[in-house]
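Visitor: Got a predicted model here, sequence first, then my questions.
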2 protein chains.
Amino acid sequence: MDIREIAKLARVSTATVSRVLNSVPTVNPKLAKRVLDAAALRGYVPNTQARALVSGKSRTFGLVVSEITNPFFPQIVETFGNLAVANGYEMLLASTGNDLKRMELAVRRMIERRVDGVAILTFGMEDSLLADLRVRKVPLVGVVVGPTVPGVTNIRIDYRHGIRQAVQHLAALRHQRIAFITGPLRLMSAMARKTAFEESMREIGLYAPPELLVEGDHTVEGGVAALGRLVRLAERPTAILCSNDMTAIGVIREAYELQINVPNQLSVVGFDDIHLAQFITPPLTTVQMSQSELATLAFQALLAARERPAQTRQSNECVLVTSLVLRKSTALVLGAQPIPRPPDFIS
Amino acid sequence: MDIREIAKLARVSTATVSRVLNSVPTVNPKLAKRVLDAAALRGYVPNTQARALVSGKSRTFGLVVSEITNPFFPQIVETFGNLAVANGYEMLLASTGNDLKRMELAVRRMIERRVDGVAILTFGMEDSLLADLRVRKVPLVGVVVGPTVPGVTNIRIDYRHGIRQAVQHLAALRHQRIAFITGPLRLMSAMARKTAFEESMREIGLYAPPELLVEGDHTVEGGVAALGRLVRLAERPTAILCSNDMTAIGVIREAYELQINVPNQLSVVGFDDIHLAQFITPPLTTVQMSQSELATLAFQALLAARERPAQTRQSNECVLVTSLVLRKSTALVLGAQPIPRPPDFIS
DNA sequence: AAATGTCTTGTAAACGTTTACCCGTCTGGT
DNA sequence: ACCAGACGGGTAAACGTTTACAAGACATTT
């Protein structure tokens, strides 16, 4: 049931069969019909591997994410996958945790499979990985936080804007003691968010004392634990900004357990805007980072790189902006204590 | 940078290079070293496509799910993916909705890519699809609800057990007016769950009047809407069994909105036991269907089929059992009205 | 010492396509 | 009637591997 068999059956050459299967317009309709009939009769299924071998293009993209299990990512996979089928591509997926070794392995194996490009949409230690991999000819797109790495398409996420909005929103509600639950700090993106938070606080004339910066792990459990610690403080925060929505869900959950009313006794802001965020109680005010936009950006970049490889050499850069979406998990603060300004406070 | 170049560089034949790359033990260590050095020097990356072409095995499995966006599935993808890398396989993923056409397309394209097997882990109209596809030589595993389809590995899910436990649990809490929110009824699996519910009710001497059987769509929004309808009934249910957890989350959400206390005024039971179920408020009592077990079952079946294709011909069958996990979303009913038994009530 | 066997390496075919190139036929212009 | 050109179709090489088979080197047996 290969092309040769069809050729024999239709009494033409393999070249002709190939041509009609690829709808080259110059072939005699009579022959074409014979070929098509033969193919249908035998249930012919083209072998993409062979095709890829000679053409050098596999029509496959690799997508590596850190935790498919974190609700942030499925939406990305969905969008990326839909774009893939729409454009006649297949999607090879790997979920590698934030483990650099596993990412490297995944990407390497994708390259061995001769994918036409790979997108690393991950919140891990991406930069060195990207730098390492750029050597290969495979188009690569990744989200980066450090310096732009040459030879790959860098997607940069502007955490700053959304976080600044969140902080301003909280300040407008008269919050001053604002806590921040970070992601795992070994991840550069987690550091970046933390930095963005600190800078936004400073900008607005607020101070974030170290005991209000607690490290989480991007999971619901982490949020639960973090609130547990925050609540033991002599002076509790009146608002908490979480570095992802899962953490916020954990905080809200634990607040309920501890009989702390959200938003009246405690304001909570998330980050990511996963679909579920609007359905928890209270609906979560959160910083939106559009998953579908991110996926689309990555896919387009890959597609573009494949069409004209020349372009790929110079790394181009695109940025995804974040912004605050207001829901019901924040409220005006009730009689919070003003805190003394730290010595290094800048007007 | 293909095998021939390495061969030239190491002054051996391509056959030898291939042998050392596949660690055939009989080759002279001296030569092996030369080859390995040459490969390292040139940064040789094997071409899996070519390898697959001659060996006929691509070391790739396809996984098709219905909605990667439904939290039930990411866990499946995770487990399946981990098993894949652990066994040296790659995973091609497709998320096709419950659209038969898209599923067919996805599977067809996977077959064109010469995957070694495909798992259809989906809650859609699977049976006809599986039957159609069985013609190809590709090992296929799918979850089925109708008659067992020959030539493929059927994973059958025993909805009955878990649902019966749920109904019994509710009955023990003195609930009699128990509503059931189904999935989209065009899906056979949704029908199966509904049937399991009705039978369990009957078994235990309870009646499920039609107005308490409302059709949902497996989403949070669907749960919200369904509770909206249920609440407008003259006689409200005291308990609701949902055919998936997302629906239950919607119900709980809307109950909060309507100031209905869960579990005291309304007991809610979910289905699936997604990870999040334990973190909503109140923690959700739900029927567990182990995602990782399902994924493992599917993967093992595929692997087994690949090892000895003879086995594949006769379709083997395996079943996944469900069972109730108790948390906090159910409680004793407070003064509910007994309802008259229907005429067709048996014993 | 010749014959046999074992062990390692090389040669070349094969996997299923695409495609550059060539060849034959037909059209139309002179 | 002859030739140029256009056009449709066939031949075969190529893609990068694996592997059956052959061949050569060397050890062992008679």
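Guide: The structure has been received and is ready for your questions. Numbering: from 1, shown residues only, chains lettered A, B, ... in the order given.
Visitor: Kindly state the domain boundaries assigned to chain A.
Guide: A:3-46, A:56-158+A:290-320, A:159-288 (automatic domain parsing).
Visitor: Look at the second one and report the distance between its end residues.
Guide: Here the two ends of domain A:56-158+A:290-320 are set 32 Å apart, with distance taken as C-alpha to C-alpha, to the nearest Å.
Visitor: My read is that A:H175 contacts A:I240, right?
Guide: No - the criterion here is C-beta atoms under 8 Å, and A:H175 misses it with A:I240 at 9.7 Å. C-beta coordinates here come from the backbone N, C-alpha and C atoms, glycine included.
Visitor: higher neighbour count, these two?
Guide: Taking neighbours as other C-beta atoms under 10 Å in any protein chain shown, A:H175 and A:I240 compare with A:I240 leading, 31 against 24.
Visitor: can you tell me the residue of the stretch 1-150 of chain A closest to DNA strand D?
Guide: Nearest residue of the stretch 1-150 of chain A to DNA strand D: A:N28, at 2.8 Å (C-beta to the nearest atom of the strand).
Visitor: picking up where we left off before, ranking the domains of chain A by mean pLDDT, which is last?
Guide: Mean pLDDT per stretch puts domain A:56-158+A:290-320 lowest among the domains of chain A, at a mean of 88.
Visitor: Run the contact check for that one versus chain B.
Guide: Yes - using C-beta under 8 Å from any C-beta of the partner chain, domain A:56-158+A:290-320 reaches chain B at A:58, A:60, A:68-69, A:71, A:73-75, A:77-78, A:81, A:85, A:90-95, A:102, A:105-106, A:108-114, A:135-136.
Visitor: How about the residues of chain A by DNA strand C?
Guide: Contacts of chain A with DNA strand C, taken as C-beta under 7 Å from any atom of the strand, map to A:2-4, A:14-15, A:17-19, A:21-22, A:44-47, A:50-51, A:53-55.
Visitor: who's in contact with A:V138?
Guide: By C-beta atoms under 8 Å, 6 or more residues apart in numbering or on different chains, the residues touching A:V138 are A:111, A:115-118.
Visitor: what helix or strand is A:T195 on?
Guide: helix A:188-203 (DSSP states H and E).
Visitor: Show me which residues of that helix are buried.
Guide: A:188-190, A:192-194, A:196-198, A:200-202 (16 or more other C-beta atoms under 10 Å in any protein chain shown).
Visitor: Nearest to chain B among the residues you listed?
Guide: Checking the buried residues of helix A:188-203 against chain B with C-beta to the nearest C-beta, the nearest one is A:S189 at 20.1 Å.
Visitor: How much space separates that closest one from B:V20?
Guide: Going from A:S189 to B:V20 by C-beta to C-beta, to the nearest Å gives 41 Å.
Visitor: Give the full set of residues in contact with the residue nearest the centre of chain A.
Guide: The residue lying closest to the centre of chain A (C-alpha atoms, centre = their mean) is A:L121, at 4.5 Å. By C-beta under 8 Å, 6+ apart, A:L121 lies in contact with A:63-65, A:73, A:76, A:80, A:142-143, A:155, A:294-295, A:298.
Visitor: Kindly report the same for A:A166.
Guide: A:200, A:241, A:269, A:285, A:287, A:324 are the contacts of A:A166 under C-beta under 8 Å, 6+ apart.
Visitor: and if we set it to 7 Å?
Guide: Contacts for A:A166 (C-beta atoms under 7 Å, 6 or more residues apart in numbering or on different chains) come out as A:241, A:269, A:287, A:324.
Visitor: Check those residues and tell me the two furthest apart.
Guide: The most widely separated members of those, counting by C-beta to C-beta, are A:L241 and A:L324 (10.6 Å).
Visitor: ok, those two, which is more surrounded?
Guide: A:L241 (33 against 22).
Visitor: Next one: the more buried one from A:S200, what distance?
Guide: According to C-beta to C-beta, A:L241 and A:S200 sit 9 Å apart.
Visitor: Would you report which members of the contacts of A:A166 are assigned to strands?
Guide: Residues of the contacts of A:A166 located in strands (DSSP state E): A:241, A:269, A:287, A:324.
Visitor: I'd like those written out as CSV, with distance to A:P263 added.
Guide: What follows is the ones in strands among the contacts of A:A166, written out as CSV (distance: C-beta to C-beta, whole Å):
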residue, distance to A:P263
A:L241, 13
A:V269, 10
A:V287, 16
A:L324, 15
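Visitor: Among these, which one sits closest to B:Y207?
Guide: Ranked by distance to B:Y207 (C-beta to C-beta), those are led by A:V269 at 47.7 Å.
Visitor: Quick one: neighbours of the closest one, just the number.
Guide: As a measure of burial, A:V269 has 31 neighbours, counting by other C-beta under 10 Å.
Visitor: go on, the one 3 residues further on?
Guide: If you count neighbours by other C-beta under 10 Å, A:D272 ends up with 27.
Visitor: how about the closest residue to it other than its chain neighbours, what does it touch?
Guide: Of all residues not flanking A:D272 in the chain, A:D245 sits nearest, at 4.5 Å (C-beta to C-beta, 6 or more residues apart in numbering or on different chains). Neighbouring residues of A:D245 by C-beta under 7 Å, 6+ apart: A:270-274, A:277, A:284, A:286.
Visitor: now swap in A:T219 and tell me
Guide: A:T219 is in contact with A:M246, counting by C-beta under 7 Å, 6+ apart.
Visitor: where does it fall, phi/psi-wise?
Guide: phi -120, psi 160 (degrees, to the nearest 10).
Visitor: distance of it from A:S243?
Guide: Distance from A:T219 to A:S243, counting by C-beta to C-beta: 12 Å.
Visitor: ditto for A:V54
Guide: 48 Å.
Visitor: Same question for A:R113.
Guide: Taken as C-beta to C-beta, the span from A:R113 to A:S243 is 34 Å.
Visitor: go on, A:G146?
Guide: With distances taken as C-beta to C-beta, A:G146 is found 18 Å from A:S243.
Visitor: hey, where'd the helices end up in the stretch 101-250 of chain A?
Guide: Remark: helices assigned in the stretch 101-250 of chain A by DSSP state H, counting those that start in this stretch are A:126-133, A:159-172, A:188-203, A:220-231, A:245-257.
Visitor: closest one to A:A39 among the ones you listed?
Guide: Nearest of these (C-beta to C-beta): helix A:126-133, 39.8 Å.
Visitor: now the angle from the closest one to helix A:188-203?
Guide: 140 degrees (axes from the mean of the first three to the mean of the last three C-alpha atoms, to 10 degrees).
Visitor: As a check, name the ranges of all strands in chain A.
Guide: A:60-65, A:90-95, A:117-121, A:140-144, A:153-158, A:178-182, A:213-215, A:239-242, A:267-272, A:285-288, A:317-321, A:323-325.
Visitor: Close to DNA strand D: what parts of chain A are there?
Guide: Residues of chain A lying near DNA strand D (C-beta under 7 Å from any atom of the strand): A:11-16, A:26-28, A:30-31, A:50, A:53-54, A:56.
Visitor: Tell me which of these fall in helices.
Guide: Using DSSP state H, the subset of the residues of chain A next to DNA strand D located in helices is A:14-16, A:30-31, A:50, A:53-54.
Visitor: Tell me the one among those residues nearest to A:L332.
Guide: A:L53 (65.7 Å).
Visitor: show me the contacts for the closest one.
Guide: Residues in contact with A:L53, defined by C-beta under 7 Å, 6+ apart, are B:49-50, B:53.
Visitor: Now with 8 Å, please.
Guide: For A:L53, the contacting residues are B:47, B:49-50, B:53, by C-beta under 8 Å, 6+ apart.
Visitor: Span of stretch A:274-288 from start to end?
Guide: With C-alpha to C-alpha, one end of stretch A:274-288 sits 8 Å from the other.
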